[in-house]
Every structure is written in C-alpha cells, then in structure tokens.
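K.L.:
Need the 3D shape of this:
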Amino acid sequence: MHIPVMLKECLEGLITDPHGIYVDGTLGNAGHSKAILKQLDKDGMLIGFDRDMDAINRVKEQFKAESRVKLIHDNYENMAARLADLGIQKVQGLLLDLGVSSFQLDEADRGFSFMRDGPLDMRMDQTATTTAADLVNTASEQELADLIYRYGEDRSSRRIARMIVEARSRMQIETTAQLAGIVERAKGGRRGRKTHPATKTFQAVRMAVNEELSGIEQVLEQMVECVVDGGRIVVLTFHSLEDRLVKQFFNRHVPREESLQQGGVRRVFDEPAVKWIWKKPLVASEEEQARNPRSRSAKLRAIEVGG
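P.N.:
Now for the predicted structure:
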C-alpha cells in the first residue's frame, strides 16, 4: 500500500491560501494531491503532473468528477510551459515528492527493483527510448563507474563497472536479477549487510536513465519564478544527492549580507528572493518511521518566495 510520506508536514508547509492554484509535480498515487484538494475552497485548483502514464491512468478515475483538478502527463521539467498552455502564469505553491512510487517498485515489469525479477527497464516515462538495459549494455566501463560513483555514491564503483562489462561480454544483461547478481558478486556478497549490495547501483542507474538531478534543477529554476510572493515550494527528498541539490538551489536565493569596502553592506542573492520556512529540514517522526519504513530517509525542505 502506498502511504504518502510526511503528509501533515507537507500540507503545513505548502498551503497558504485555500483559493490558490497548487501543483503536485509528482502525482504518484495522489496521496498528497487528495489531501491538498481537501484543503482548498471551491475556487482553488490542483494540477497534478506525472511522467508515468500508469500513474495518470491509476488516479484519473478518482478525480473525474472534480473540476478543480487537472492531470498532466509530462516530465516536471516542462512544468512552466505546460502551465502556460493552460493560461496559468502564477501558482500559489508547488510540492515535489522525489521518491520512487511504491507502485513502480512493486511492478516487476517496470524493472526498478532487484527484489522482483523483471526486465531491466527503470523508465519512469514509458515513452522514453533509453532503458536501464540499454545503458548497462552500451555505456563504457568508465561511464558506468562514474555514474555509479556519482549517483550511487558507491566506493566500489570501478569494480562493479568492470564486472558489468565482463559479464555483458558473455551475455546481454537484460533482467534485474542479472544486474543484482553481478553487483552482489562484485561487492563480495551480502556478508551480513542490512541493505542489498546492489541498492546503490540500482539507484544510480535509475537516476541516470531518468536524468533525475537535471530535472529537479530545471523545475526549481522555472517554478521559483512562477510562484507568487508569499507562495511556497515544498520538496521531499530521499537521498543526499537530491537533498544537497535542493538545499544549494534554495540557498542561492536566500538573501545574505556582504560587507562593502567603502562601508555598509549589500544583500546578495539570485532573484527572486526566498526565505526558509524551517532552518533545518524536517524528518519523519519515530511513529511514522515505524509505520512507514519508506519515510526513514526522507527530508522535507520548504521556502517562501519573497524575502
């Protein structure tokens, strides 16, 4: 069952005006979206984006009688243009839940998880052309090592890449079980590890296939300009790379004072100015972490535009 992570905290950080337009940039199973809609008045609006058509199809029946909701099948990096197509220039708030949908993980045919053997796919958008199998079977050893180190932060990246290349020279790597087995052998087996040895490699390949980090930067660049003064951007991350990117982006927009040689100070920041809602990221309560293990790695950051 999909349980929306840190739902109460997301709503508290996001909703400032029940008459406003709010965007859920990662619709998933619409757990956050349905809760947002309950907070809005009859003239409020919710716009849900998802690059996964399965997600759109899964929830559109729930919203079919709801005129306040529009669902858009597209990558959130195209968000500003798609909103403009609807005649929307400004919104009250944006929520991004950057976790992988539990439905994607649970569907073996989607190839996201080593827990269920299936084709090595990992595309969030099934209309995209490059699959995880394409990447794993064609990238050079150096390219594989670099992406596993960068996106998976795995110090064994070179050894893993070398063994992937050796394995594919004998047979194409086409399934999640094949890739997981190769990585497990490269890392010397499980040896009492709490997490599977392939966890970081699967994360890295998924992020590379879906160009996740560049997409986050693009949507934030667009939407910090599209959110009204006093509106909010709330982002839920699940690993350090995403969290660091979000923190650094927002920090560039938070005004800071620099001393001038001639005396006095000036405010320095990227336009538009924003301010932190919470100085430190929120994490899930112990109760939520016990109830929903997916929330254990979550960090929630929020800013208000105008500062």
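K.L.:
how near is the nearest residue to I173 once chain neighbours are set aside to G99?
P.N.:
Computed as CB to CB, 6 or more residues apart in numbering, the closest residue to I173 that is not its neighbour in sequence is V136, at 5.1 Å. Every residue, glycine included, has its C-beta placed from N, CA and C. For V136, the distance to G99 (CB to CB, to the nearest Å) stands at 23 Å.
K.L.:
Could I get the contacting residues of the residue nearest to I173?
P.N.:
Contact partners of V136, counting by CB atoms under 8 Å, 6 or more residues apart in numbering, are 120, 144, 164, 168, 173, 179, 205.
K.L.:
redo that, cut-off 10 Å
P.N.:
120, 122, 144, 161, 164-165, 167-168, 172-174, 178-179, 182, 201, 205, 208-209 (CB atoms under 10 Å, 6 or more residues apart in numbering).
K.L.:
Figure out how far the host helix or strand of it is from the centre of its chain.
P.N.:
V136 is part of helix 132-138 when elements are defined by DSSP states H and E. How far helix 132-138 lies from its chain's middle: 22 Å, per CA atoms, centre = their mean, to the nearest Å.
K.L.:
List the buried residues of that helix.
P.N.:
The neighbour-count check on helix 132-138 (16 or more other CB atoms under 10 Å) flags 132-133, 135-137 as buried.
K.L.:
I'd like these written out as JSON lines, with distance to A84 and pLDDT added.
P.N.:
Listed next are those as JSON lines, based on distance: CB to CB, whole Å; pLDDT from 0 to 100:
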{"residue": "A132", "distance to A84": "33", "pLDDT": "96"}
{"residue": "A133", "distance to A84": "36", "pLDDT": "97"}
{"residue": "L135", "distance to A84": "33", "pLDDT": "97"}
{"residue": "V136", "distance to A84": "37", "pLDDT": "98"}
{"residue": "N137", "distance to A84": "39", "pLDDT": "98"}
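K.L.:
Now tabulate those residues in CSV and tack on distance to V5.
P.N.:
Shown next, in CSV, are those (distance: CB to CB, whole Å):
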residue, distance to V5
A132, 25
A133, 30
L135, 28
V136, 29
N137, 34
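K.L.:
what pLDDT, on average, does stretch 95-112 get?
P.N.:
For stretch 95-112, mean pLDDT rounds to 79.
K.L.:
Let's see it as CSV, backbone CA atoms only.
P.N.:
Extracted in CSV, the C-alpha atoms of stretch 95-112 (Å, rounded to 0.1, in the frame of the first residue of the first chain):
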residue,chain,number,x,y,z
LEU,A,95,5.0,20.2,-4.0
LEU,A,96,7.7,17.8,-5.2
ASP,A,97,7.9,14.3,-3.7
LEU,A,98,11.1,12.9,-5.3
GLY,A,99,10.7,9.3,-4.1
VAL,A,100,10.1,6.4,-6.4
SER,A,101,6.4,5.4,-6.4
SER,A,102,5.8,2.1,-4.5
PHE,A,103,3.7,1.0,-7.5
GLN,A,104,6.8,1.4,-9.7
LEU,A,105,8.8,-0.7,-7.3
ASP,A,106,6.2,-3.3,-6.9
GLU,A,107,5.6,-3.9,-10.6
ALA,A,108,8.3,-6.4,-11.7
ASP,A,109,7.8,-5.4,-15.4
ARG,A,110,9.0,-1.9,-14.6
GLY,A,111,12.4,-3.1,-13.6
PHE,A,112,13.1,-0.7,-10.7
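K.L.:
Report the two members of the buried residues of helix 132-138 separated by the largest distance.
P.N.:
A132 and N137 (9.4 Å; CB to CB).
K.L.:
what do these two both touch?
P.N.:
With CB under 10 Å, 6+ apart as the test, A132 and N137 both reach 120, 173-174.
K.L.:
quick one: which of those residues sit in strands?
P.N.:
Judged by DSSP state E, the shared contacts of A132 and N137 include no members of strands.
K.L.:
ranking these by neighbours, who comes first?
P.N.:
Note: the member of the shared contacts of A132 and N137 with the most neighbours is L120, at 26 neighbours, neighbours being other CB atoms under 10 Å.
K.L.:
ok, that one - contacts?
P.N.:
111-112, 131-137, 172-180, 202, 205, 209.
K.L.:
remind me which residues of the stretch 201-307 of the chain are low pLDDT?
P.N.:
Applying pLDDT under 70 to the stretch 201-307 of the chain picks out residues 307.
K.L.:
can you pull out the strands in it?
P.N.:
227-237, 256-259, 265-268, 274-276, 299-305 (DSSP state E, counting those that start in this stretch).
K.L.:
between the last one and strand 227-237, how many degrees?
P.N.:
Between the axes of strand 299-305 and strand 227-237, defined by axes from the mean of the first three to the mean of the last three CA atoms, to 10 degrees, the angle is 170 degrees.
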